[in-house]
Structure formats: C-alpha cells, structure tokens
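> sequence plus predicted model, see below.
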Amino acid sequence: MQPEEFRAAGHALIDWIADHRLAADQRPVLADVNPGEVRGSFPTTAPDSPVAFDELLQQLEQRVVPGLTEVQHPMHFGWFPANASLASVLGDITSSGLGNLGISWESSPALTEVEEVVCDWMRQLVGLTDAWKGTIHDTASTACVVALLVARERATALAQNQGGLQAVDAPLVVYTTSEAHSSVAKAALLAGYGWDNIQSVDIDPVTRAMVPESLAAAIEADVAAGRTPAAVVASVGTTGTTAFDPVDAIAEVIEASGRSIWLHVDAAMAGTAMLLPECRHLWQGAERSDSITWNPHKWMGTILDCSLFYVRNTGELESVMSTNPSYLQSTADGEVTQYRDWGIPLGRRFRALKLWFHLELDGIEAIRTRIRRDLDNTAWLAGEIEKVDDWTIVSPVPLQTICVRHMPDGLSGDELDEHTLRWVRNINESGAAYLTPARIDVPGLDGSWTVRISVGVENTERRHLEALWDLMRTTATSALS
C-alpha cells in the first residue's frame, strides 16, 4: 500500500470507526457468538491476492463485529471501565503511522522525551511529589512483575549477578491479600517466589482491606522461621469491590520491621480517582512506597495499552533491568533516559503519543468532570438500591463499583447463589446490559455470589443507570419463576 492509497483507506476507516461508535448503543453489549464461530467465518488459508479496502471493511463488519463485546457501550458495567477516548485513538494511530522504534534514546529521542514529559505531567496531576520518575508499560500486570523482580534483587543483594535464586538460602516471601488482582500472584510466580511463599494477609470482613496487624504478625513469623520478607503488594481499589488497603499503615509496619521490604502500590483502576484532589486520601501513604502503578487505559480513558509505573529509586530499577549491548551504546549514554533499562522489553512503541493527544485534545478538566459525573451516578444508584428491602449492597462503595445481591425471602445458600447467577446471566444474554458476577463471602449473609456494577464508560449517563436499575429489578423478579 502506497501513501495515497493509505490516505484514501484511512479516511474510510476513520468514517467506519466513527459510525461504529455512534451506533454503539444499538448493538448488544455482549458478543452473541458461539465458540469457534468467528474463526469459522474465515478461510482456512491466507489470501493469495489483495482485496479492495471497501471489501475488507465489509469483512470486518460481517466477521469481526458480531464477535465483539462492546466495552464502549453505555450499558457496559462489567469488569472495570476500558475507555478508549477518540482523542487518544488519534494518538495511537499516529504512533502506528510513525512506526518509531524505541530501543534506545538515540533510536528515537522524541519517543523517550515525550514519555518523560507525559509521565511527569501525570505525576503532578495525581499529586505525587517530584521524587517519582515514571515510564509507560503495557499493563499493570507487567508493572507488577517488574516491581517484584526488583524486590527480589533488593532482598538478595542482586543475586541475579551471581547464582540467582538457586544460590539463595532463605525463601523470599511476598505479602498481599485474597482481594488482590490475580496478576499479583502470577507476577510472584513469574519472578520465581513460588506459591508456598505468597502470603495472603487477613482482610477486614467489612472493608475487604488488608489488616496491618496481621501483616506485622506474618512478617514476624516468617523472620522467626528463617524466611526473608521481600515485598508487600498493596491494592488501591481491588478488582472485586474496589477496597483500599491502608497504605500508610502498611508502610508503618514495614518500617517498624526494620527490614528493607519493597512496597508496591497497585492502583490500576483507582489511580484515575487521584486526578480528583478530594479522592487522594484513599491512597494516603503512597509517597512512602517504592513503586506505584495505575492505568490511564481504564477509567481515565486513554486507549490500551497505557499503564504508568513510577519508582522513587531509578538506580535500583536499572541495576536489575539494564542491558547495554555494544550495538546500542552511544555517546548520549549517561545523559539520557534509556527506557530499555526500566522494564522487560527492549523495543517499545511510542505509547506516550496517545496519552499526550488525550490530554491536549480533551483536557484534564473535562476528564475530571466526567469522573465526578460517574461518582455522582454511582452514589445515586447505590441510594436507590438501599431503598429496596430485598436488595443488599454487600461492601462499601468508595468509588464507582457497587456489589449487590437480590435476596428474596425464602432463598439462602446454594439456592441464593443459583438465583444470583441466573438473573445476571439473563441480563447479559439479553444484550441489554453487561454485569460481572464475583464470589464475595460476607459475614452474616448467605451465599457468596454477588454482582458487580462498575460505572465509568465514557458515554454512560444517569439515564443508563436508571435503565439498568429497572432491568435488574424486573429480571431478578422474573428469574424467581
């Protein structure tokens, strides 16, 4: 494809994307296909000759679109928001169109320095001091792997430069909770800690947050048993209920232990709330941690993949992650940031462009206004649910996620769980909305399945919450018959 052909096709594609967004609420939220159906719509071998671009767009509409769960749909309340603001889409297209290669500062000075700029902008916007330096990873999952690798090497005095974990006498321990994202355990496994050394610290049965006293007891017990506490992963906005671990108290426990334990703050979704000064108390103590990650590609709305990873000690990060082959050395070494030494991959995309475009074209005040709208709408829905006797909110609602159960008289235990899964499945299969069920054990309540309502899609307004609440009540009632 030559530039002029690209120009024509690009205009057609932008029109198609715009039309797709405009009609989002006219399609089912959940993809209505069977396993293997999308794959079966494609030929079994690659095409021998090119097709016209308009024909490719027809194939896109016929083969791909039916298999899409519409996460930009205003009635999507599942998982967490995965907004993809069109302003950031333009930045993503620009990144792909430029095709720059970020393997060193010299390979693309602009790629490195724009990333430095936007990471520092975002640091300021969430109220972090200038002690922090940031980079952009693909996801918080990768950032957690990096944090736990650095924690491992801190705890072993850079064992990787000698015999590695195989030469370490004492097992290394990672502390988190059962409410932490599954990527935390995965990161610990990938970093070589092993299942036996992932400690699940007690949580408060009401707030679902880590209990600092239990963390202190676990650290003390591990030290007495000859194990080495290496890292604590504190969740700021857990996936299940958006619970907030008390970061300040956790930092106090670590300092009181007298050990150099790495504290990583996972604020993947809830970090967006820190754009609002009135929400920053929720991660009080974050300044005392060693690393922080949060994803603008969730609630804030910068398109995937855009996960910010901040550390206070870049030297410690580089001592673990650096690579300096002869073919990448340059006269600028020592004067510039080499992001290949701040993470796992060597090559990197120009991710900073989508964040830059998003900030410049939408503006931070418009983003803050939308976040406050979502918080107001969530509070409204929570208030409506609390007015009805046979509906229960099962955990606190600090942000934009509500966890609910419909609890009709006469149902308990397994029967209540079956009812919960039935009515949420009926909503999802209808295509009218999408919600995610999750298991949450709450003292004093029968059953463990609950339904999460996660508010935050860019186009979700109060009327969509009103429609959802009507749909929930009618569907739950009909599921009893």
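Looks like it arrived, so ask away.
> without its sequence neighbours, what residue ends up closest to residue 185?
Closest residue to residue 185 apart from its sequence neighbours, by Cβ to Cβ, 6 or more residues apart in numbering: residue 198 at 5.7 Å. Any C-beta I mention is one placed from the backbone N, CA and C, and that applies to glycine too.
> list the contacts for the one you found?
Taking Cβ atoms under 8 Å, 6 or more residues apart in numbering as the criterion, residue 198 is in contact with 173-174, 176, 185, 188-189.
> now do the helices in this protein.
Shown for the chain, the helices assigned by DSSP state H span residues 3-22, 37-40, 53-59, 86-98, 109-125, 140-155, 182-190, 212-224, 247-257, 314-321, 352-362, 364-386, 413-430, 462-478.
> my read is that residue 101 contacts residue 112, right?
No: counting by Cβ atoms under 8 Å, residue 112 is not a contact partner of residue 101; they are 11.5 Å apart.
> for residue 38, give me its contacts.
63-64, 66-67.
> between the contacts of residue 198, which is nearest residue 223?
residue 173 (9.4 Å; Cβ to Cβ).
> what about the closest one, neighbour count?
Number of residues near residue 173 (other Cβ atoms under 10 Å) recorded here: 26.
> what does residue 7 give?
Other residues within reach of residue 7, judged by other Cβ under 10 Å, total 11.
> let me know the pLDDT of residue 444.
Among the per-residue scores, residue 444 holds a pLDDT of 67.
> also the one 5 residues further on?
Model confidence at residue 449, expressed as pLDDT, equals 93.
> tell me where the model's unsure across the stretch 301-450 of the chain.
Along the stretch 301-450 of the chain, the parts satisfying pLDDT under 70 run over 444-447.
> ok, now the stretch 151-300 of the chain?
Using pLDDT under 70, the stretch 151-300 of the chain has no residue that qualifies.
> rewinding a little: so for residue 101 and residue 112, which residue has more residues nearby?
Ranked by neighbour count (other Cβ under 10 Å), residue 101 and residue 112 place residue 112 first, with 24 against 14.
> and the nearest residue to residue 190 once chain neighbours are set aside, how far is that from residue 193?
Using Cβ to Cβ, 6+ apart and skipping the chain neighbours, the partner closest in space to residue 190 is residue 145 (5.5 Å). Distance of residue 145 to residue 193, computed by Cβ to Cβ, to the nearest Å: 11 Å.
> what does residue 135 give?
23 Å.
> so for stretch 54-67, first residue to last residue, what's the gap.
Stretch 54-67 stretches 20 Å from its first residue to its last (Cα to Cα, to the nearest Å).
> which residues does that stretch contact?
If you take Cβ under 8 Å, 6+ apart as the criterion, stretch 54-67 is touched by 12-13, 16, 20, 27, 31-33, 37-38, 41-42, 51.
> tell me the contacts of residue 270?
236-237, 242, 244, 282-283, 294, 399.
> tell me the one among those nearest to residue 217.
residue 244 (21.1 Å).
> tell me how far that closest one lies from residue 141.
20 Å.
> who has more neighbours out of these two?
Neighbour totals were compared for residue 244 and residue 141, and residue 244 leads with 25 against 19 (other Cβ under 10 Å).
> can you count the residues close to the nearest residue to that one once chain neighbours are set aside?
Once flanking residues are discounted, residue 244 sits nearest to residue 282: 5.1 Å by Cβ to Cβ, 6+ apart. Neighbour count for residue 282, taken as other Cβ under 10 Å: 19.
> verify the stated contact: residue 282 with residue 236.
Yes: with contacts counted by Cβ under 8 Å, residue 282 reaches residue 236, the gap being 6.8 Å.
> list residues touching both of the two?
The contact lists of residue 282 and residue 236 share 244, 270, where a contact means Cβ under 8 Å, 6+ apart.
> tell me if I'm right that the residue nearest to residue 190 and residue 345 touch.
No: counting by Cβ under 8 Å, residue 145 stays clear of residue 345, with 11.5 Å between them.
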